[in-house]
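Visitor: Fold the following.
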Amino acid sequence: MESDQDLVGPPKDIFTTADKSLTDEEKCRLEAQNSRMVPEFKAKKLEEQAQRHWDIFYKRNETHFFKDRRWTTREFEELLDIPHEKNQEGGEKQRRLLEAGCGVGNLIFPLIEEKQERSSGSNTSWFYYACDFSPRAIEFVCSNPLYDERRIKAFQCDITTDQIHAHISASSLDIVTMIFVLSAIHPEKFSAVVENMYRLLKPGGVILFRDYGRYDMAQLRFKPGNKIAENFYMRQDGTRSYFFAEKELAALFTHSDRFEIIENSYVHRRTLNIKEGIDVPRIFLQSKLRKR
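Guide: Reported below is the predicted structural model:
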């Protein structure tokens, strides 16, 4: 799980499309995970209680677990785009963004603050939607001092279902952010999420994606008894995590010619925290995908 600890220290990122080469020790770790899998009945129960586990997570950690994602505008310049399209009154046409899996708003609120700083005041050229599986997470979003119903709509929903279409019109979004969200969903439901995001985006709209990459250290550290399925794991708190391969993600989004790939690569980073004696190699997958 991407915690504050995971992003300590200056970024030293290497972008590549090559899969990580495993050492013999790492191959042994992955093989050992297969010796004791999560039983089928328990895996089914985890799926049924997924919302409950995330609600408990936010009850326990409140707004303190995830660090504000101020790096997103550095990686995704689209978030700071200034609308040039005019509305019928001659003013700037409002653009619309969805933060899917918003948690407590660690992306959307820093983004609003940065836009305000850059525009020297209120910026009304964007409207933001924020949704999360956890009702408790949405409560934290709505209680944030920056929450303003005139430009933000936060709501609870399951993005693997049609629920989201009750809140957002089809073909109305310019940007969808999916930052460490798809990995928390069962792999069998990935295609349903992609279909929903496709329906919500305008033609030419983009998905900005970042998540766990295949053979990230977090994957290698799982012990026997935590593996649910290939590259899909259970954490101690009952939440789950999937680890993506670059080619796999490309195939998921380009199926049926729905999206074209702008960028799609692994991000290799060493997480350094000298005080805690931490030096951990991390692998994320970062992508930009445009609706055809």
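Visitor: count of neighbours near Ile14?
Guide: 11 (other C-beta atoms under 10 Å). Where you see a C-beta, it was placed from the backbone N, CA and C, and this is true even at glycine.
Visitor: shouldn't it be in contact with Ser265?
Guide: No. Here Ile14 does not reach Ser265: they are 9.5 Å apart, not a contact under C-beta atoms under 8 Å.
Visitor: need the strands for the stretch 101-250 of the chain, in chain order.
Guide: Ranges of strands in the stretch 101-250 of the chain, per DSSP state E, counting those that start in this stretch, are 126-132, 152-156, 173-179, 201-212, 227-229, 232-234, 240-242.
Visitor: and Arg282, which of those strands is closest to it?
Guide: Closest of the strands of the stretch 101-250 of the chain to Arg282 is strand 201-212, at 8.7 Å (criterion: C-beta to C-beta).
Visitor: so what does that closest one touch, helix or strand wise?
Guide: In terms of contacts (3 or more C-beta pairs under 8 Å, 6 or more residues apart in numbering; DSSP states H and E), strand 201-212 is packed against strand 173-179, strand 240-242, strand 259-273, strand 278-291.
Visitor: and the third one, which strands flank it?
Guide: Read it as strand 259-273. Its sheet considered, strand 259-273 pairs with strand 14-16 (antiparallel), strand 278-291 (antiparallel) by DSSP bridges.
Visitor: Give the rounded mean pLDDT of it.
Guide: Average pLDDT, strand 259-273: 90.
Visitor: quick one on the thing from earlier: who wins for proximity to Phe155 among the helices and strands packed on strand 201-212?
Guide: With C-beta to C-beta as the measure, strand 173-179 is the member of the helices and strands packed on strand 201-212 nearest Phe155 (14.4 Å).
Visitor: Other residues contacting the closest one?
Guide: For strand 173-179, the surrounding residues in contact (C-beta atoms under 8 Å, 6 or more residues apart in numbering) are 69, 72, 76, 78-79, 95-101, 107, 129, 197, 200-202, 205-211.
Visitor: Please apply the same query to stretch 103-116.
Guide: Stretch 103-116 is contacted by residues 58, 62-63, 66-70, 72-73, 79-80, 99, 102, 122-123, 126, 128, 130, 132, 134, 137, 140-141, 144, 146-147, 152, 154, 177, 179 when judged by C-beta under 8 Å, 6+ apart.
Visitor: center of the protein, which residue is that?
Guide: What sits nearest the mean C-alpha location of the chain, by C-alpha atoms, centre = their mean, is Ile179, with 2.0 Å.
Visitor: Please name the bridge partners of that residue.
Guide: According to DSSP bridges, beta-bridge pairing links Ile179 with Arg210.
Visitor: distance of it from Ala130?
Guide: Shown here: Ile179 relative to Ala130, a distance of 12 Å by C-beta to C-beta, to the nearest Å.
Visitor: Overlap of the contact sets of those two?
Guide: Counting by C-beta under 8 Å, 6+ apart, the common neighbours of Ile179 and Ala130 are Glu99.
Visitor: ends of stretch 14-33, how far apart?
Guide: End-to-end distance for stretch 14-33, by C-alpha to C-alpha, to the nearest Å: 28 Å.
Visitor: in that stretch, what's buried?
Guide: For stretch 14-33, the neighbour count (16 or more other C-beta atoms under 10 Å) marks 20, 29, 33 as buried.
Visitor: so which of the helices and strands packed on strand 201-212 gets nearest Leu46?
Guide: Comparing the helices and strands packed on strand 201-212 by C-beta to C-beta, strand 240-242 comes nearest, at 6.4 Å.
Visitor: now the lowest-mean-pLDDT helix or strand in the chain and strand 173-179, what's the angle there?
Guide: Lowest mean confidence among the helices and strands of the chain (mean pLDDT, DSSP states H and E): helix 108-119, at a mean of 86. Taking axes from the mean of the first three to the mean of the last three C-alpha atoms, to 10 degrees, helix 108-119 and strand 173-179 form an angle of 130 degrees between their directions.
Visitor: quick one on the thing from earlier: list buried residues within the contacts of strand 173-179.
Guide: Buried among the contacts of strand 173-179 by 16+ other C-beta under 10 Å: 69, 72, 76, 78-79, 95-101, 107, 129, 197, 200-201, 205-211.
Visitor: correct me, but Lys223 touches Ser35?
Guide: No. The pair Lys223 / Ser35 is not scored as a contact, 9.9 Å apart, by C-beta under 8 Å.
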